[in-house]
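Undergrad: Quick one: sequence and predicted model below, then my questions.
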Amino acid sequence: GTLSFFNKYTDGLLFYLPVTLSNGFKDVAGNTGSMRNRGVEFEISSQLRPAPELQIRLGINGAFIDNKIISLPDIDGDGSDDDIVFSPLILRAGESLSTYYLVQYDGVDSGNGDALFFNTEQDSSTNIYPSGGSRLLKGSAIPLFTGGFTLDLNFKGFFASAAFQTGLGHKIYVDRVFLEDGFRTEFNKNRRQLDSWTSENTNTDIPEARQGVNNGSDARSEPSTRWLENGDYMRLKNIQLGYRFTGLGSQQNALTVYIAGHNLWTLSNAYNIDPEVSSAPVDQPFRAINVGSISLSRSISFGVKLEL
């Protein structure tokens, strides 16, 4: 196996910096700020032979990463680094590159179906989206750990292999504004909308669906933890089963038949999204937003290989 440590410092990062609208645009690209990535990478492999004709190969690899912004520009000239907000994200010195900056969602008023948010003081809730001062740091889009596991088996001509991958310790912001926005008719609706508040269904965390009214449903202009999901996942990326026939004919040819699958199984608590897929604009600091993106395709294939 191998074990390695890394500590990389990057300066002159390319960010879009906010400027006053009197310039005719809201931001300008600039090489400014610095960042540090520190962590550990490892790889372990082993080959076992518990029986004369049985071979087993195991492999594990992974990386732990600590990402931190070291410095940002002092735009207002007050002598300290300024925050740069790319809603729902924030760039702040001392925090991860892709930290979510959100108002705390507090469910639904059971009496009238209003969406509720914690106020600036975080001691009570209101049905009016609070000011920017009430936003809190709510985790990062960058996984603390990424890794994988592989298994290969061979026994008397039979073979099997599987590869898993995982990401842990991060969040995903899901922009469902088109799928859970009341009665907007130009888009299909998420099945979860069937559980929205009604006078007969008051015990729910999904606000009342209202025609033409934003009732806590705008994930863009009113970012909140309502749209934040746990990004942890494990996925079976590839699996293959087969058999190799040998000693065929006078030329001792070989024939291999197999069946293979890709992305057949995923373990995730994120609701109705693919935890690997992002649809954020490429100018975001990190592709940390999912806007109803199409999931990675699942496939099953069959194959025959003739060795002459």
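TA: Structure received.

Undergrad: nearest residue to Glu43 other than its sequence neighbours?
TA: Closest residue to Glu43 apart from its sequence neighbours, by CB to CB, 6 or more residues apart in numbering: Asn61 at 4.4 Å. Glycine gets a C-beta too; all of them are placed from N, C-alpha and C.

Undergrad: Now do the strands in the stretch 201-308 of the chain.
TA: 228-230, 233-248, 253-268, 289-290, 299-307 (DSSP state E, counting those that start in this stretch).

Undergrad: For the third one, output the C-alpha coordinates as PDB.
TA: Extracted in PDB, the C-alpha atoms of strand 253-268 (Å, rounded to 0.1, in the frame of the first residue of the first chain):
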ATOM      1  CA  ASN A 253      -8.700 -21.200 -28.500                       C
ATOM      2  CA  ALA A 254     -10.500 -19.400 -25.700                       C
ATOM      3  CA  LEU A 255     -14.000 -18.000 -25.400                       C
ATOM      4  CA  THR A 256     -15.200 -15.500 -22.800                       C
ATOM      5  CA  VAL A 257     -18.800 -14.600 -22.100                       C
ATOM      6  CA  TYR A 258     -19.800 -11.900 -19.600                       C
ATOM      7  CA  ILE A 259     -22.500  -9.600 -18.300                       C
ATOM      8  CA  ALA A 260     -21.600  -6.100 -17.000                       C
ATOM      9  CA  GLY A 261     -23.500  -3.400 -15.200                       C
ATOM     10  CA  HIS A 262     -22.800   0.300 -14.600                       C
ATOM     11  CA  ASN A 263     -24.300   2.500 -11.900                       C
ATOM     12  CA  LEU A 264     -26.800  -0.100 -10.900                       C
ATOM     13  CA  TRP A 265     -27.000   0.800  -7.200                       C
ATOM     14  CA  THR A 266     -26.700   3.900  -5.100                       C
ATOM     15  CA  LEU A 267     -27.100   4.400  -1.400                       C
ATOM     16  CA  SER A 268     -28.000   8.000  -0.500                       C
END
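
Undergrad: I'd like the numbering to begin with 554 instead of 1 from here.
TA: I'll keep to 554 as the first residue from here, and by that count the last item is strand 806-821.

Undergrad: Quick check: mean pLDDT of that strand?
TA: Average pLDDT, strand 806-821: 94.

Undergrad: Report the angle between it and strand 852-860.
TA: Interaxial angle, strand 806-821 versus strand 852-860 (axes from the mean of the first three to the mean of the last three CA atoms, to 10 degrees): 160 degrees.

Undergrad: Strand 806-821 pairs with which strands, and in what direction?
TA: Note on strand 806-821: by DSSP bridges, its sheet partners are strand 786-801 (antiparallel), strand 852-860 (antiparallel).

Undergrad: from the strands of the stretch 754-861 of the chain, which stretch is densest packed?
TA: strand 842-843 (a mean of 24; mean count of other CB atoms under 10 Å).

Undergrad: Would you list the strands that it pairs with, along with their directions?
TA: By DSSP bridges, strand 842-843 pairs with strand 724-727 (parallel).

Undergrad: Distance from the chain centre to the strand it pairs with, please.
TA: 6 Å (CA atoms, centre = their mean, to the nearest Å).

Undergrad: And the contacts of that strand?
TA: 641, 653, 691-694, 772, 776, 780-784, 823-824, 826, 828, 841-844 (CB atoms under 8 Å, 6 or more residues apart in numbering).

Undergrad: In JSON lines: the strands paired with strand 806-821, plus distance to Ser633.
TA: Formatted as JSON lines, the strands paired with strand 806-821 follow (distance: least, CB to CB, whole Å):
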{"stretch": "strand 786-801", "distance to Ser633": "38"}
{"stretch": "strand 852-860", "distance to Ser633": "52"}
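
Undergrad: export these to JSON lines and tack on mean pLDDT?
TA: Formatted as JSON lines, these follow (pLDDT from 0 to 100):
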{"stretch": "strand 786-801", "mean pLDDT": "94"}
{"stretch": "strand 852-860", "mean pLDDT": "93"}
